[in-house]
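1. from the sequence below, what's the structure:
(chains A and B)
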Amino acid sequence: MSTLLHCENLSKRYANVLALNNVNLDLESGKIVGLLGPNGSGKTTFIKILNGLLTPTYGKVTIDGNEPGVETKKIVAYLPDNSYLNTWMRVEQIVDYFKDFYEDFRPELAYEMLERLGISPKMKLKTLSKGNKEKVCLILVMSRNARLYVLDEPIAGVDPAARDYVISTIINNYNPDATVLISTHLISDIEQVLDDVIFIKDGNIVLHQTVDEIRAEHQKSVDELFREVFKW
Amino acid sequence: MVKKLFKHEILAFWRGWSLIQIALLATALFGRFIQLFENNTAVYDIVFGSTTFAYSILIMVAFVGTLFSGVTRFYKNLFTSEGYLTHTLPVTATQHIMVKLVTAVLFQIATLFVVLASACIITAGDVLVEVVKAIGYLIGEIYEYTGAHMVLYIVEIIVVTIVSLFSSFLVYYTCICLGQLSKKNRVLVSVGIYFGMSMVGQVVSTVLMTFTTFPVFEDIVMYFTDHPITAIHISLCLGIVITLILSIVFFIICRMVMKKKLNLE
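-> From the prediction side, this is the model:
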């Protein structure tokens, strides 16, 4: 498998806080990778740098050989940890928006998923509940045939039933040749779908292994190992 | 991609803008309608007076509202939560700025035409004929004095107006972008930068005006006094060049912040 994501000494400093510290990382295509760490460990900072929303203080990152920019944005589908939907559009308008800008967007798939959720394309985004807004965002992202899906805390703040929906939406709709990078601190809910795991602590990558390696080497589930590594 | 950006920008802008313009045209129409019942009663005076007052306020709201929409669209769409989507579109920073800028300027020009149309509506009839006659007379007088230079003046005034429109939006965009470099209170910092820039502008123009009183510029001032037609051309062209240079500088600053220093938190 080829390297899709490559980070070299990637660092990010906010005033006196070092949010990322010399991160070196390679991710291959075709994997579901969990970016796991407690709150404030640097997950979101790392994800924002991948998407060109933050500028690294030092080091570099490439996706399919390109630094974050127009070329990477064509192949990266990003779900932020908060809703980016505006309040004035209707659901069908935001679907059109994605269709216009992303060549890999599959509107028929988006409408199919929306219909299953009972969300009418005519509904105004501002009338949707917080949970439905998050689901619409997820549907939009997963309706892309991207090379890299970057999902920041997709199951945080949702009830257990909704978590199942989110996880099944990810699993059933992602491009199998693509890499899915899921950031979360809710390990037990997501562990069963992960191929690889990255532990991030205080801006440092402290572990990068496959789930099978973790189970074989540590005789523990990912959740158990996480609790051990990040014990207060 | 630029076409698609324009499509969505125009759609977003149109929503708020069209409401104000419809209100303006409707008020003008109402103002013209009640003139059909013109009489010397107090009721008529009150209704016509209030309509004219509302119409004047709406003209101001139309221009200020378009400026405000252009600035807030830039801020909200690029630097609030909406920015998470906007900045992950496969579009360059230059394209984002250009599309937002051109759309805002086009809507401001459109506002001018709507205001002119509303003025024609509210004054339709004898008053409009008189106004057109007065404008025609004024143009005739200016032509008599300036000759063929008048055509050049018109072109220069149109160009200086358009360049100034671009520049006025770019000033705000630059303040917003520079404010994003701050670690916190970014809106407040942007406002501070705006007042700072305005103050610097005032100081620079005062200093330049003072220079003209120096003996070394005496000949130039004398030449301008003796050749007013040429002086107006030089002033307008100088205005175009200076505003254009400033606009380019502002554009480069915005592009640099969005391309190299973006820190969406």
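
2. low-confidence stretches in chain A?
-> In the predicted model of chain A, residues A:1, A:157, A:232 satisfy pLDDT under 70.

3. with adjacent residues omitted, what lies nearest to residue 225?
-> Since you didn't name a chain, this refers to chain A. A:His218 (5.4 Å; CB to CB, 6 or more residues apart in numbering or on different chains). The way it works is simple: take the backbone N, C-alpha and C, and place the C-beta from them, glycine included.

4. let me rephrase: I mean chain B.
-> Nearest to B:Thr225 is B:Ala231, by CB to CB, 6+ apart, at 7.8 Å.

5. quick one, what contacts the one you found?
-> Applying CB atoms under 8 Å, 6 or more residues apart in numbering or on different chains, we find B:Ala231 in contact with B:Tyr223, B:Phe224, B:Thr225.

6. out of those, which are buried?
-> B:Phe224 (16 or more other CB atoms under 10 Å in any protein chain shown).

7. buried sites along the helix or strand that contains B:Ser190?
-> For B:Ser190, the enclosing helix or strand under DSSP states H and E is helix B:186-211. Buried residues in helix B:186-211, defined by neighbour count with 16+ other CB under 10 Å: B:Arg186, B:Val189, B:Ser190, B:Ile193, B:Tyr194.

8. related to what we said a few turns ago, pLDDT wise, what is the residue nearest to B:Thr225 at?
-> Note on B:Ala231: pLDDT of 85.

9. how distant is the host helix or strand of it from the center of its chain?
-> Using DSSP H and E, B:Ala231 falls within helix B:228-260. Centroid displacement of helix B:228-260 relative to its chain, using CA atoms, centre = their mean, to the nearest Å, is 15 Å.

10. quick check: buried residues in it?
-> Within helix B:228-260, the residues that count as buried by 16+ other CB under 10 Å are B:232-233, B:236, B:239-240, B:243-244, B:246-247, B:250-251, B:253-255, B:257-259.

11. so which of those residues reach chain A?
-> Contacts with chain A are made by none of these, judged by CB under 8 Å from any CB of the partner chain.

12. so what touches the strand or helix carrying A:Leu10?
-> Assignment of secondary structure by DSSP H and E places A:Leu10 within strand A:3-14. The contact list for strand A:3-14 (CB under 8 Å, 6+ apart) reads A:18-29, A:42, A:45-46, A:49-50, A:54, A:56-64, A:147-148, A:179, A:181, A:203, B:183.

13. so which of the residues you listed are in strands?
-> Residues of these located in strands (DSSP state E): A:18-28, A:58-63, A:148, A:179, A:181.

14. got a list of what residue 171 touches?
-> Going with chain A. A:Val193.

15. um, chain B though
-> B:Tyr194, B:Met197, B:Phe250.

16. quick one on the thing from earlier: what pairs with the strand holding A:Leu10, parallel or antiparallel?
-> strand A:17-28 (antiparallel), strand A:58-63 (antiparallel) (DSSP bridges).

17. for the first one, list the C-alpha coordinates in PDB.
-> By that I understand strand A:17-28. C-alpha atoms of strand A:17-28 as PDB (Å, rounded to 0.1, in the frame of the first residue of the first chain):
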ATOM      1  CA  VAL A  17       1.600  26.100  24.500                       C
ATOM      2  CA  LEU A  18       3.200  23.500  22.200                       C
ATOM      3  CA  ALA A  19       0.100  21.900  20.700                       C
ATOM      4  CA  LEU A  20       2.100  19.600  18.400                       C
ATOM      5  CA  ASN A  21       5.600  18.600  19.000                       C
ATOM      6  CA  ASN A  22       7.700  17.200  16.100                       C
ATOM      7  CA  VAL A  23       5.100  14.800  14.800                       C
ATOM      8  CA  ASN A  24       6.500  12.200  12.300                       C
ATOM      9  CA  LEU A  25       3.800  10.000  10.800                       C
ATOM     10  CA  ASP A  26       3.000   8.000   7.700                       C
ATOM     11  CA  LEU A  27      -0.500   6.700   6.900                       C
ATOM     12  CA  GLU A  28      -1.200   4.200   4.100                       C
END
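
18. so what touches the helix or strand just after that strand?
-> Where DSSP H and E defines the elements, the next helix or strand beyond strand A:17-28 is strand A:32-36. Residues from elsewhere that reach strand A:32-36 (CB under 8 Å, 6+ apart): A:27, A:43, A:46-47, A:174, A:179-185, A:187, A:190-191, A:193-200, A:222, A:226.

19. let's see 6 Å
-> Contacts to strand A:32-36, defined as CB atoms under 6 Å, 6 or more residues apart in numbering or on different chains, come from residues A:27, A:43, A:180-183, A:187, A:193-199, A:226.

20. just the buried members of these?
-> Buried among the contacts of strand A:32-36 (16+ other CB under 10 Å): A:27, A:43, A:180-183, A:187, A:194, A:196-199, A:226.

21. which residues of chain A lie near chain B?
-> For chain A, the residues in contact with chain B (CB under 6 Å from any CB of the partner chain) are A:15, A:51, A:53-55, A:70, A:73-74, A:78, A:80, A:82, A:84, A:86, A:100-101.

22. out of those residues, what pair is the most spread apart?
-> Spatial extent of the residues of chain A next to chain B (CB to CB) is set by the pair A:Ala15 and A:Asp100 at 38.5 Å.

23. give me the more crowded residue out of those two.
-> Remark: of A:Ala15 and A:Asp100, A:Asp100 carries more neighbours, 16 against 6, as counted by other CB atoms under 10 Å in any protein chain shown.

24. surely the more buried one meets B:Leu5?
-> No. Here A:Asp100 lies out of contact with B:Leu5, judged by CB atoms under 6 Å, at a distance of 8.9 Å.

25. tell me where chain A has helices.
-> Applying DSSP state H to chain A gives helices spanning A:43-50, A:70-73, A:91-101, A:107-117, A:130-142, A:160-173, A:187-190, A:211-218, A:222-229.

26. tell me the most buried of those?
-> Comparing the helices of chain A by mean neighbour count (mean count of other CB atoms under 10 Å in any protein chain shown), helix A:43-50 ranks first with a mean of 24.

27. please save the CA atoms from that helix in PDB.
-> Taking C-alpha atoms only, helix A:43-50 is exported to PDB below (Å, rounded to 0.1, in the frame of the first residue of the first chain):
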ATOM      1  CA  LYS A  43      -5.900  16.000  17.800                       C
ATOM      2  CA  THR A  44      -7.900  18.900  16.400                       C
ATOM      3  CA  THR A  45      -4.800  21.000  15.800                       C
ATOM      4  CA  PHE A  46      -3.300  18.100  13.800                       C
ATOM      5  CA  ILE A  47      -6.500  17.700  11.800                       C
ATOM      6  CA  LYS A  48      -6.800  21.400  11.100                       C
ATOM      7  CA  ILE A  49      -3.200  21.500   9.800                       C
ATOM      8  CA  LEU A  50      -4.000  18.600   7.400                       C
END
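
28. can you spell out which helices and strands pack onto it?
-> On a contact count with 3 or more CB pairs under 6 Å, 6 or more residues apart in numbering or on different chains; DSSP states H and E, helix A:43-50 meets strand A:17-28, strand A:148-152.

29. please repeat the previous calculation with a cut-off of 8 Å.
-> Counting contacts by 3 or more CB pairs under 8 Å, 6 or more residues apart in numbering or on different chains; DSSP states H and E, helix A:43-50 is packed against strand A:3-14, strand A:17-28, strand A:32-36, strand A:58-63, strand A:76-79, strand A:148-152, strand A:179-184.

30. for the second one, buried residues please.
-> Going back to what we said before, that points to strand A:17-28. Using 16+ other CB under 10 Å as the test for burial, strand A:17-28 gives A:Ala19, A:Leu20, A:Asn21, A:Val23, A:Leu25, A:Leu27.
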